[in-house]
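>>> Dropping a prediction and its sequence here:
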Amino acid sequence: MTIVEFPVLLDRAQVLADRFSVSAAHHDETGAFPFSNVDQLYRADLLRLTASLENQGHGGGLAEAQAIVAEIARGEPSTALVLAMHYSHHNAISRSGKWPKHLVERISTANLQGAALINSAQVEPRIGSPSHGALPDTIARRDSNVWRITGHKTYATGIPGLRYVSVLAVTDELVPRLASFLVEADAPGLTIVETWNATGMRATASHDLILEDVEVPIADIIDPQPASEGLKRDENASAWYFLLIAAVYQGIARAAGNWILDFAITRAPGSLGQPLSTVPRIRDGIGEIEYRLAINERLLRTTAEDADAKQRLGIQPGLVKHQVIENAVAITTLALELGGNPGLRRSHPLERHHRDALCGRAHAPQNNLIREMAARAALSARAVGSPP
């Protein structure tokens with residue numbers, strides 16, 4: 001097994017991003033899952049980035065992962081979102097200590113041998129995201145030496161291209177447990193219902209997943225907890241989730257910013273007689289885009305480095321996600337304004353970047369809940385501290 005240095009992997013990601021950008025409009029128009037992109041990620045050896053060295057990976061941390069995800073998103077963000085989920089899972093598989101050894105070995109070997117993507121299925125029609133506190137309706141029923149899982153999941157990102165799905169369910173035991181169960185994506189009883197027809201991020205193919213008595217070996221259970229305690233997420237896993245989601249939308253914003261830069265430099269209307277880059281209003285808009293991109297870059301990089309250094313971050317990664325996505329929406333909105341009427345055409349890259357950026361606000365927990373978490377933390381700290 002060869003370990004590739006990160007600068008080499010980042011160079012490969014930059015090449016792939018340029019290549020993926022050529023077919024991005026096609027994937028947006030059709031909603032077709034980008035199988036070819038995933039295959040190229042595998043052949044470029046990028047899928048092993050965040051698996052540990054012991055688990056046949058490159059041992060990359062969150063700082064490296066967010067940089068790669070942002071770069072891929074610059075070319076085709078749906079591919080980047082699927083990659084972000086894959087990276088988050090391999091970090092947890094390698095480093096959390098919550099995955100059984102036999103599953104770690106199975107997934108690590110598959111990740112080495114092919115494009116064995118993994119993601120979770122947690123959201124449901126009735127309860128929404130488990131981040132809101134409700135238990136899933138999906139049930140894992142014990143039957144001798146297997147679990148039989150029945151339920152309905154929504155927004156299963158990348159499901160057509162996944163090899164494995166980590167399904168959140170409640171056991172039917174006398175004292176129920178909440179756990180994830182590793183399911184093969186082609187398991188009998190698992191059906192994909194093509195419900196995803198969103199405004200943006202269309203090629204993520206985040207369809208519904210129906211499980212009817214899907215059989216899972218009794219040992220393929222991950223991190224069981226008393227169901228009465230609800231879903232618990234550790235700080236490291238949350239930081240990876242928040243920052244890699246945010247990195248996708250930073251890549252989208254960078255793509256919009258790059259388009260406007262090229263447009264301003266090369267476009268010289270006859271009535272002006274010189275490039276648009278000489279117009280103060282255009283220069284001011286470009287300046288605003290660049291300052292928001294720079295803020296995002298700094299927030300993502302330094303927070304990821306802090307997470308890799310195992311510093312306590314509390315709710316900071318959630319706040320970074322909030323700010324980076326809001327900046328991405330502002331950037332793509334301003335890019336549309338600077339680009340003028342052509343940017344509103346359905347076939348125009350700016351129109352697509354804007355729709356994709358708006359989808360960032362839908363990722364749970366949504367911004368109002370993140371602000372509630374921030375308020376709760378601030379009020380709690382003030383209550384136990386000294387008065388001003």
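Looks like it came in fine.

>>> Just the buried residues of stretch 86-99, please?
H86, Y87, S88, H89, H90, N91, A92, I93, S94, R95, W99 (16 or more other C-beta atoms under 10 Å). Glycine gets a C-beta too; all of them are placed from N, C-alpha and C.

>>> and what of stretch 294-314?
Across stretch 294-314, burial judged by 16+ other C-beta under 10 Å covers N296, E297, L299, L300, R301, T303, A304, D306, A307, D308, L313.

>>> Identify all contacting residues around that stretch.
61-63, 65-67, 70, 235-236, 239-240, 243, 246-247, 250, 253, 316-317, 320, 323-324, 327-328, 377 (C-beta atoms under 8 Å, 6 or more residues apart in numbering).

>>> looking at this, T191 is in a strand?
Yes. According to DSSP: H, G, I helix; E, B strand; the rest coil, T191 belongs to a strand.

>>> Tell me where the model's unsure across the chain.
For the chain, applying pLDDT under 70 flags the ranges 1-2, 385-388.

>>> Okay, domains of it per the record?
Domain assignment for the chain by automatic domain parsing gives 6-115, 121-229, 235-381.

>>> how far does the second one stretch from start to finish?
Across domain 121-229, the terminal residues are separated by 20 Å (C-alpha to C-alpha, to the nearest Å).

>>> phi, psi of A205?
phi 50, psi 50 (degrees, to the nearest 10).

>>> which residues sit in contact with it?
Contact partners of A205, counting by C-beta under 8 Å, 6+ apart, are G31, A32, F33, S78, T157, G158, I159, P160, G161, E194, W196.

>>> From A264, how far out is R283?
Here the criterion is C-beta to C-beta, to the nearest Å. By it, R283 lies 8 Å from A264.

>>> longest single helix anywhere in this protein?
Determined from DSSP state H, the single longest helix within the chain is helix 235-266.

>>> ok now it, how far from the chain's centre?
12 Å (C-alpha atoms, centre = their mean, to the nearest Å).

>>> If you count neighbours, what's buried in that helix?
Those would be 235-260, 263-264, for helix 235-266 by 16+ other C-beta under 10 Å.

>>> Give me the buried entries from the contacts of A205.
Neighbour-count burial (16+ other C-beta under 10 Å) applied to these gives G31, A32, F33, S78, T157, G158, I159, P160, G161, W196.

>>> Who are the contact partners of the third one?
Translated: F33. Neighbours of F33 in contact, by C-beta under 8 Å, 6+ apart: H27, G158, P160, G161, A203, T204, A205.

>>> on that earlier part again, from the buried ones among the contacts of A205, which two are the most distant?
Farthest apart among the buried ones among the contacts of A205 by C-beta to C-beta are A32 and T157. That separation is 14.9 Å.

>>> coming back round to it: let's have the buried ones among the contacts of A205 in CSV, adding secondary structure and distance to P188.
Output for those, formatted as CSV (DSSP: H, G, I helix; E, B strand; the rest coil; distance: C-beta to C-beta, whole Å):
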residue, secondary structure, distance to P188
G31, coil, 26
A32, coil, 26
F33, coil, 22
S78, helix, 28
T157, coil, 23
G158, coil, 21
I159, helix, 16
P160, helix, 18
G161, helix, 19
W196, coil, 23
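
>>> Which phi and psi values does N145 adopt?
Note on N145: its backbone torsions stand at phi -100, psi 20 [degrees, to the nearest 10].

>>> so it sits right up against D220, yeah?
No. Applying C-beta atoms under 8 Å as the test, N145 and D220 come out as separate, 11.1 Å apart.
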